[in-house]
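> Sequence and predicted structure, then a few things I'm wondering about:
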Amino acid sequence: MTRLLTRASLAAFIIFSAEAQHMVPKASLVLNLDYASFRHTDQAGYLEIYYGFYPRLISYEFRDGKYAGAVGLKVTLTKKTTDEKILDQSFSLPISVKDTLDESFGYTFVSQAGYSLPYGQYVLSVLAVDSLSAERKDSIRLLISVNPFLSTSISDLELCSSIKESDDKTDPFFKNSMIVVPNPTLVFGVTASPVMFAYAEVYNVSKDTSYLLKTMITDSRDKVIRESSKTRSYTVTNAVEVNTVNTTSIPSGRYRYHLMLRNSAGIEITKASKTFYVYNPHLKTAEVSSASIKASELDGLTADELADEFRKTQYIATDQEIKTFSQVTSVEGRKEFLGRFWSEIESGRLGREPMKRSEYLGRVSVANQRYRVMGKDGWRTDRGRVYILYGEPDEVERHPSDQTSKPYESWRFYAIENGVEFVFVDRSGFSDYILVHSTKRGELRDESWQRFLE
């Protein structure tokens, strides 16, 4: 079963000339994607996929008295264990505005689709293409688990920009007597969605039994910044939980929302968590003093220079940070964002060792000098990426080409994970060495990499 649901939201940020007949934004197209899995039958779950686009980043042409554009989507779902393709779907989302002063030009266009899927793990791939400028595209690939909810459990969390009671079953976002509008950007705050709504379904609870429902928000360092609890007694075995968070007083940053169900003794029965982001440029508090110090290092850089610096951090930035930064267009906003970003990086996060901004950018500079090839900046090559992330290798073995083998290099780092190796092969013959194998956890591993030498 498939449902395609669409809705546009409201506001205004950028103004183009109303005289223009064809408008192509300078900034890249951005696909925002989120999903949540719910119980459906004993054999299958129900997967909802949420899409979000910024109308100001879509190309338009003026026709029939309005500016019209569209985003083409190609969606595939593949079983992780067998590579069997479960879904291969292409469709178009039309987006139109009366003019660029229209409120809907600045907000987020949201749509969702739902699929009944057998329980298991899937690879979701989504390609979004600007219908009027085919070279403008964005894509996301995710590993998704559709799990059975057999015992007392909580569904995936759906973070929303709005939830309200309704009996309008014709509304595309109608669900369980409510209009539930997702926020695929996962960005909240005064400039986006001031109130974060959290939707979840609770399964297999005992009727008329007292439970403790606890909500908690933790920051990027796992420090609890908000928490609340309430006693719940359910009259049905499967229920809906809706909670709200006013995000306007939360400093900008990355956070995690937790929903926990405990028994009367306080023992946790089940839990669901989800990452979200807050952007509140008006908040200048002691909590962000280190970020403010980092932001001051960026004084004098233009908006384009700040964007270029952040582009080079793609190896240590999260996908959501990359998408969030694309929404920030002012110099001050980008300085504040980068200040926070470097403050977290220099403190260490996501399992990475702390790294100073100066050290990272220094490695970028060295990579550009050493590994530039065929007009491609060195930091964008495979050798450049490995150098930036892991530093100078302890040993480099270079193997020139011969009659039976293409040239390749083997880099060894003895202090990482008790010794790791990276193998790069010049597959094209133009000195563009491609990573074909590594023993480092999380990197490409291919024990039969020697076939690339032929």
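Looks like it came in fine.

> low-confidence ranges in the protein?
With pLDDT under 70 as the threshold, the chain has low-confidence stretches at 1-20, 99-106, 284-293, 350.

> residue ranges of the helices in it, please?
Ranges of helices within the chain are 289-296, 303-311, 319-325, 331-347, 357-371, 382-390, based on DSSP state H.

> Out of the ones you listed, which gets nearest to residue 138?
Checking the helices of the chain against residue 138 by CB to CB gives helix 319-325 as the closest, at 8.8 Å. Every C-beta, even on glycine, is put in place using the N, C-alpha and C of the backbone.

> which residue sits farthest out from the middle of the protein?
Using CA atoms, centre = their mean, the residue of the chain lying farthest from its centre is residue 403. It sits 45.5 Å away.

> residue contacts, that residue?
Contacts for residue 403 (CB atoms under 8 Å, 6 or more residues apart in numbering) come out as none.

> how close does it get to residue 340?
54 Å (CB to CB, to the nearest Å).

> How is this protein divided into domains?
Domain assignment for the chain by automatic domain parsing gives 1-148, 149-281, 286-355, 383-453.

> mind putting those in JSON lines, distance to residue 369 included?
As requested, these are exported to JSON lines (distance: least, CB to CB, whole Å):
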{"stretch": "domain 1-148", "distance to residue 369": "27"}
{"stretch": "domain 149-281", "distance to residue 369": "33"}
{"stretch": "domain 286-355", "distance to residue 369": "14"}
{"stretch": "domain 383-453", "distance to residue 369": "10"}
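
> among these, which is nearest residue 377?
Closest among those, using CB to CB: domain 383-453, at 7.7 Å.

> Give me the distance between the closest one and the centre of its chain.
Put simply, domain 383-453 sits 29 Å off its chain's centre (CA atoms, centre = their mean, to the nearest Å).

> same question, stretch 299-314
The answer for stretch 299-314 is 20 Å, by CA atoms, centre = their mean.

> Next, the buried residues of it.
Neighbour-count burial for stretch 299-314, counted by 16 or more other CB atoms under 10 Å, picks out 301, 306-307, 309-310, 312-313.

> Tell me which two in those residues are the farthest apart.
Pairwise over the buried residues of stretch 299-314, using CB to CB, the maximum falls at 301 and 313, 14.0 Å.

> circling back to that earlier point, nearest to residue 112 among the helices of the chain would be which one?
Nearest of these (CB to CB): helix 319-325, 17.6 Å.

> Quick check: which helices or strands does that closest one pack against?
Helix 319-325 sits against strand 268-278, helix 331-347, with contacts defined as 3 or more CB pairs under 8 Å, 6 or more residues apart in numbering; DSSP states H and E.

> list the buried ones in the first one?
Across strand 268-278, burial judged by 16+ other CB under 10 Å covers 269-270, 272, 274, 276-278.
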